[in-house]
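>>> only geometry, no sequence info:
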C-alpha cells in the first residue's frame, strides 16, 4: 500500500472541507498532535482511528483505501 | 464499522485457504499469538498489519473492509 498516497488523500479531503488540522481533529475528538502525525505518516495508524477520520471526512474506510 | 464481521471475514477467508491460524500466521511472517488475537478482536490492529493479512488472503484492504 502506498502510505504517502493515503496521507495525501486524507489531507486533500480535509482541506476540501475547509478545515485546519486543528479544527478537524477537534471535530472528530482526536488529539491535534496525533492527527497531524497521521497526515505526516508518523504513526502506524489503527483501523479504529482511521475509521474515526473517515467519519469526519464523510467517506467509507473501503473507499478511502481504494486504489492505494 | 462492524469489527465482529471483519474478524469473521478474515477467519472465513483463511479457512477457505485450508490453513490453520498457525500456518497462516507463519506464511505472512506474523506472530501466531498476535494473529490469533486479531481473529478474536483482542487488538486494535494497525493498517500495516491488516495489509499484511490481506496479502496472505489475496484480497485488497479496500475489498476486505467493504460493507463492514
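Sure, I can see it. Quantities reported herein were computed from a predicted structural model and do not represent experimental measurements.
>>> element containing residue A:13?
Taking DSSP states H and E as the definition, residue A:13 sits inside helix A:3-16.
>>> just checking, what packs against the helix or strand following that helix?
Per DSSP H and E, helix A:3-16 leads on to helix A:21-27 as the next helix or strand towards the C-terminus. If you count contacts as 3 or more Cβ pairs under 8 Å, 6 or more residues apart in numbering or on different chains; DSSP states H and E, helix A:21-27 packs onto helix A:32-39. In this view, the C-beta of every residue, glycine as well, is placed from N, C-alpha and C.
>>> Contacts for the helix it packs on next, please.
Helix A:32-39 is contacted by residues A:7, A:10-11, A:14, A:21-22, A:24-26, A:28, A:43, A:45, A:49, A:53 when judged by Cβ atoms under 8 Å, 6 or more residues apart in numbering or on different chains.
>>> could you give the angle of that helix to helix A:3-16?
130 degrees (axes from the mean of the first three to the mean of the last three Cα atoms, to 10 degrees).
>>> Residues in contact with the helix or strand following helix A:32-39: which ones?
Sequence-wise, the next helix or strand beyond helix A:32-39 is helix A:47-57, with elements assigned using DSSP H and E. With Cβ under 8 Å, 6+ apart as the test, helix A:47-57 has contacts from A:10, A:13-14, A:17, A:24, A:27-30, A:34-35, A:38, A:60-61, A:64, B:1, B:6, B:44-47, B:50.
>>> What subset of those residues is buried?
A:10, A:13-14, A:24, A:30, A:35, A:38, A:60-61, A:64, B:1, B:6, B:45-47, B:50 (16 or more other Cβ atoms under 10 Å in any protein chain shown).
>>> Check what pLDDT the nearest residue to residue A:67 once chain neighbours are set aside gets.
Distance criterion Cβ to Cβ, 6 or more residues apart in numbering or on different chains; nearest residue to residue A:67, sequence neighbours excluded, is residue B:62 at 7.6 Å. As predicted, residue B:62 sits at a pLDDT of 93.
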